[in-house]
Structures are given as C-alpha cells and as structure tokens.
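K.L.:
just coords:
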Ligand SMILES: C[S@@+](CC[C@H](N)C(=O)[O-])C[C@H]1O[C@@H](n2cnc3c(N)ncnc32)[C@H](O)[C@@H]1O
C-alpha cells in the first residue's frame, strides 16, 4: 500500500512539475526555430527505409555560396540557434568544413547527421568530433546481420569504428535508431548490452524513432506503429533507465509545445525547397523567397494547428502530451489529429504513456 501511495504522490509531483494544467503560459511561449540543411542528396548507402531516398545528387542542388547565405539569413532570425547538417551523406560534401565553420562562427549549436561509414570527409572524424556539438550517428540494429540488412553490407563494423573514434572526442554522440518490425528483436535484446559495452561513461544520447512511411519506405514495409513500438520495447527502455542511462526518453515528452514538431524547424532540401518538417510537403524555394518571409508566413498558417486553438483539443487535459497528432498525417504517424475523431483508445494510450514515463522518472535507484 505504502508503495502505491508513494507512486501516486510522485505521479502528482510529476504532473505539477510538468505544469500539467490548463492556464499554463508556457504553452504560448515562443520557440527559436532550428535550421536543417540537407546539403546534398548524394549518399554512399541505400538504406532500405530512407525517407530521403538518398543516393544521387538532385539536378539543381544549392551551391556552397547559397548554403552559406542561408546560414546568414537564419542568423538574422535566430540568435544562438541550432543548425543541423544532413543529407544524403553530408561527410561526402566537398565544403562541409566551410559550412560547419560558418554555423559555429555565427554562434549556433551545430549538429551533424551521418551514417558514419565514410572517413569523415576532408576533416576526418577526430576534427569533426572536436568542433561539432552533436554528431548523430545512424545505426539500425545492435547486431551486424540485422543492421547490415537495413543499412548495407559492411556498415555495422564501420559505424562501430567511427563511434569508437568519436567517443574519444568532446562531441555529444547521439545514436539514431529507426525501429521497425525487422529490427525490434535486435533492439530489445541488443541495446542494453551495447550501452554496457560501448558507453562506459553513460554519456551518449539516443533517438529511437518509429520508421516513417516515405521515400524508399513508401510501401510501408519497414513501418512500426507508435503504440506498437511502445509495447514492443517499452520494458527494455525502462531497464535502460534503471541501469542508470539518463538520455532524454526517446518518446515525446510533455514539453508544452503548441503542436507536433511541425514549424519548430526550417528544413531546406538539397535543391532549396522549404519544408516545415521532415515529412511536410515542400512549400517554397529559397531561390524565390527569403528565409524570414517563408518562416513568418508558415508560422501564421500553422497557428491553425495549435492545440489551444483546435476545437476538439482545446479543453483536453492531454493536449500537450499528444500535441494533436501529426499534422502531416503521414502513414502510421496519424493518431489523434486535428481532422479525425479522437478515440478513447487514443486517450488511454496517452494516459498510460504519461503514467509509465512518470513511474520511470521517479523510480528510486
Ligand atoms: C536521411 S538520414 C541522412 C543523414 C545520414 N546519411 C544518415 O544516415 O544519418 C537522417 C536520419 O534519418 C533517419 N531515417 C531515414 N529514413 C527514415 C524513415 N523512413 N523514418 C524515420 N527516420 C528515417 C536515418 O536513420 C538517419 O538517422
């Protein structure tokens, strides 16, 4: 009994700490937008699930000068922002060092997405690890056969080597793992042993995402529904927390965003197309519209999706947990949405998620 009331007390404390009640001004806070530059579509891998269909460069990719100009334009609307360099495989770009240095000189946090299977380009992994704040390294399983089936033959060993090199540098390593039915067993059984073996300092980050239906995964062969994912791997994540890793949970947290992630980043495709999130349609081009103009027009449109404005959501106590679902309504990511009915099953999924995460957060070590 004592245990139960303690748990309830902690849950209430967590709800209070998260300011989970209606009149919360943080829901109206303004957020500094982040910038993601897909600097080329060129990639040395053909990952089976790649939403970007990385491979060949696009016909009219942005030049280095255009990319540098975009970093300048971004710096007018964001002081001390965050710039992610992605692709394709960005370490294949001949001017990666110039682009990264421009980001750093303008005072932004730098994030590099990479498959970790190259030699780190002109700079090499050690120099990258010294200057980039976060290196997000993709790995899609914790055993060689499963990873290599998804990311390509020989990739597991190369990723591991890059990981070990970067681990010696000051950068924050963040592993990016796409969960799908094909790798769930490997994640369930392999993630904790991997961390025990390769992260003795308990310092890396982890992003575990449901694999989205787009690009080379357009037929949805590698897709996993979010509740299914929670069910399949939730216990392993709890175990990881109990073992002392404290990377922010891979599932969304109640951080009082006004809507799903759409609009929190400005994404620029290799040929200059603007997107409001990875999966939103292209809605302009940098060669026709300045970054500031596109951003302010897009923010106005997205107000429609603010959970405090949506009729169906505005009185719901779960709105800042579920965030109204995916605005783009891409494949399996659709849950409670602004256009569809919000089902009791959806609500209980989010209540359970909140309780589960609170329990994990407040568990005594
Ligand atoms: C498109 S890649 C580009 C950067 C780099 N080549 C790499 O492999 O990390 C960026 C991230 O998107 C992830 N990704 C690719 N396809 C995805 C999908 N269908 N759903 C979710 N994430 C995906 C990758 O695993 C990777 O972590």
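P.N.:
Done, it's in. Being a predicted model, the structure only gives us computed values, none of them experimental.
K.L.:
What distance do you get for residue 325 to residue 350?
P.N.:
Applying C-beta to C-beta, to the nearest Å, the value for residue 325 to residue 350 is 10 Å. Heads up, the C-betas are built off the backbone N, CA and C, glycines and all.
K.L.:
what about the stretch 201-350 of the chain, any weak spots by pLDDT?
P.N.:
For the stretch 201-350 of the chain, applying pLDDT under 70 flags the ranges 225-227, 247-256, 328-341.
K.L.:
measure the residue of it found nearest the ligand to residue 167 for me?
P.N.:
For the stretch 201-350 of the chain and the ligand, the shortest gap (C-beta to the nearest ligand atom) falls at residue 212, measuring 3.6 Å. Using C-beta to C-beta, residue 212 is found at 29 Å from residue 167.
K.L.:
So the two - more neighbours on which side?
P.N.:
residue 212 (22 against 16; other C-beta atoms under 10 Å).
K.L.:
Return the set of buried residues in the helix or strand that contains residue 238.
P.N.:
Counting by DSSP states H and E, the element that carries residue 238 is helix 226-242. Across helix 226-242, burial judged by 16 or more other C-beta atoms under 10 Å covers 226-227, 229-230, 232-234, 236-237, 240-241.
K.L.:
Quick check: neighbours of the next helix or strand along the chain from that helix in the sheet, parallel or antiparallel?
P.N.:
Proceeding N to C from helix 226-242, the next assigned helix or strand is strand 265-268, under DSSP H and E. Under the criterion DSSP bridges, strand 265-268 sits next to strand 34-38 (parallel), strand 274-275 (antiparallel) in its sheet.
K.L.:
Using a markdown table, lay out those strands together with mean neighbour count.
P.N.:
As requested, the strands paired with strand 265-268 are exported to a markdown table (neighbours: other C-beta atoms under 10 Å):
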| stretch | mean neighbour count |
| --- | --- |
| strand 34-38 | 23 |
| strand 274-275 | 21 |
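K.L.:
which bits of the stretch 201-350 of the chain sit near the ligand?
P.N.:
Neighbours of the ligand within the stretch 201-350 of the chain, by C-beta under 6 Å from any ligand atom: 209, 211-212, 214, 217.
K.L.:
Pull the number of nearby residues for residue 137.
P.N.:
There are 23 residues near residue 137, going by other C-beta under 10 Å.
K.L.:
Which element, helix or strand, includes it?
P.N.:
strand 134-138.
K.L.:
For that strand, give the mean pLDDT please.
P.N.:
On average, the pLDDT along strand 134-138 is 97.
K.L.:
Parallel or antiparallel, which strands does that strand pair with?
P.N.:
Its sheet considered, strand 134-138 pairs with strand 109-114 (parallel), strand 172-179 (parallel) by DSSP bridges.
K.L.:
And these, which one averages the lowest pLDDT?
P.N.:
Mean pLDDT is lowest for strand 172-179 out of the strands paired with strand 134-138, coming in at a mean of 94.
K.L.:
hmm, who's touching that strand?
P.N.:
With C-beta atoms under 8 Å, 6 or more residues apart in numbering as the test, strand 172-179 has contacts from 49, 113, 133-141, 150, 163, 166-167, 183, 187, 191, 203-211, 222, 224, 229, 232-233.
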